[in-house]
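In: no sequence for this one, just the structure:
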């Protein structure tokens, strides 16, 4: 039996199996029913490990052990395996979420917060900065930033960036708007994002920015994240953001934004022009 390494690698990722498990499993799938010794030879797995591996696969629902001598194993239909794995992943995920929820009412979170507060006292202002790589990580950090907003959130982004940000941040932005926190968004308004822009204008000020090419978010005139690369030219996995927590720089950038904001086209004018 010859199974390509890249196919085995994909199976390991999809089903969270180790190399021996995936070799034994694919060997059994190719035979339907077989002994541990035969599977060891076919899958190139040491015989001393074959029974342990098959026991592990049996517990995970990939194989069934037949009664009788010699002991043989049956392959479970792949579609059924997928269903079983999904169920196990869901159960495991629910258990982990439950444990994390329990932290809110326990002493562990309190102790962690105490350690953080003690540690932050020794952090220099220049250390409150960092580089964040990957678009998923960028939006996770942005969400963390705006959760703690007390006065204002200012966003300048691209035509596609506004679609991504609203998809990721809309619930938090709506929550802030209900608390009367100022939200301003400047982005190029196009036919593709006009409906989204009109939707977010219900809880934020939105203006058309087709002159300044920049991507950044400011929170309370003290915290800033700006993206260093053009989102049209960089793969999402390699997108890069610089986060700083310094009122000096953030206030300066917000002052420049305020100056530009006055001259930006309103959403109503942009909408009329596009239509």
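Out: Nice, I can see it. Just so it is clear, the structure is predicted and the values come from calculations on it, not from any experiment. Numbers count the residues shown, from 1 in each chain.

In: What are the boundaries of the strands in the chain?
Out: Secondary structure of the chain, counting by DSSP state E: strands at 33-35, 63-66, 72-75, 129-133, 152-156, 182-187, 205-208, 216-219, 223-227, 240-245, 265-266.

In: how about those, which one is nearest residue 172?
Out: Closest to residue 172 of those is strand 152-156 (Cβ to Cβ; 9.0 Å). C-beta: built from backbone N, CA, C; applies to glycine.

In: quick one: average pLDDT of the closest one?
Out: Strand 152-156 carries an average pLDDT of 97.

In: now the protein, which segments are flagged as low pLDDT?
Out: By pLDDT under 70, the weakly predicted segments of the chain are 1-3, 113-128, 275.

In: contacting residues for the most centrally placed residue in it?
Out: Nearest to the geometric centre of the chain sits residue 136, at 4.3 Å (Cα atoms, centre = their mean). Residues counted as contacts of residue 136 (Cβ atoms under 8 Å, 6 or more residues apart in numbering) are residue 236.

In: how far away is it from residue 164?
Out: With distances taken as Cβ to Cβ, to the nearest Å, residue 136 is found 11 Å from residue 164.

In: and the residue in the chain sticking out farthest from the centre, what are its phi and psi?
Out: The C-alpha centroid of the chain is most remote from residue 69, which lies 49.5 Å away (Cα atoms, centre = their mean). The phi and psi values for residue 69, taken as degrees, to the nearest 10, are phi -130, psi 140.

In: Could you pull out the buried residues of the lengthiest helix in the chain?
Out: Looking across the chain with DSSP state H, the single longest helix is helix 78-102. For helix 78-102, the neighbour count (16 or more other Cβ atoms under 10 Å) marks 81, 85 as buried.

In: again, but for stretch 173-189
Out: For stretch 173-189, a neighbour-count test (16+ other Cβ under 10 Å) marks 173, 176, 177, 181, 183, 184, 185, 186, 187, 188, 189 as buried.

In: ok, the first one - contacts?
Out: When you say that, I think you mean residue 173. By Cβ under 8 Å, 6+ apart, the contact list for residue 173 reads 146, 153, 166, 183, 200, 203, 204.

In: 7 Å - rerun?
Out: 146, 183, 203, 204 (Cβ atoms under 7 Å, 6 or more residues apart in numbering).

In: Quick check: chain neighbours aside, which residue is closest to the third one?
Out: Closest residue to residue 203 apart from its sequence neighbours, by Cβ to Cβ, 6 or more residues apart in numbering: residue 177 at 3.6 Å.

In: What of the second one?
Out: The shortest distance from residue 183 to any residue other than its chain neighbours is 3.8 Å, reached at residue 204 (Cβ to Cβ, 6+ apart).

In: What residues does residue 73 make contact with?
Out: Residue 73 touches 28, 33, 34, 54, 63, 64, 65, 66, counting by Cβ under 7 Å, 6+ apart.

In: Which members of those are classed as buried?
Out: 28, 34, 54, 63.

In: possible to save the contacts of residue 73 as a markdown table with distance to residue 78?
Out: Conversion of the contacts of residue 73 to a markdown table gives the following (distance: Cβ to Cβ, whole Å):
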| residue | distance to residue 78 |
| --- | --- |
| 28 | 11 |
| 33 | 15 |
| 34 | 16 |
| 54 | 17 |
| 63 | 12 |
| 64 | 14 |
| 65 | 18 |
| 66 | 19 |
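
In: picking up where we left off before, give me the distance between the residue nearest to the centre of the chain and residue 165.
Out: To residue 165, residue 136 is 13 Å away according to Cβ to Cβ.

In: go on, residue 43?
Out: Where residue 165 is concerned, residue 43 sits at a distance of 48 Å (Cβ to Cβ).

In: for residue 19, same thing?
Out: Using Cβ to Cβ, we find residue 19 at a distance of 41 Å from residue 165.

In: and this protein, what are its domains?
Out: Following automatic domain parsing, the chain resolves into domains at 5-78, 125-274.

In: before we move on, back to that, so who does the residue nearest to residue 203 touch?
Out: Under the criterion of Cβ under 7 Å, 6+ apart, the neighbours of residue 177 are 183, 203, 204.

In: cool, and residue 105?
Out: Here residue 105 is in contact with no residues (criterion: Cβ under 7 Å, 6+ apart).

In: repeat for the one 4 residues further on
Out: If you count contacts by Cβ under 7 Å, 6+ apart, residue 109 has them with residue 103.
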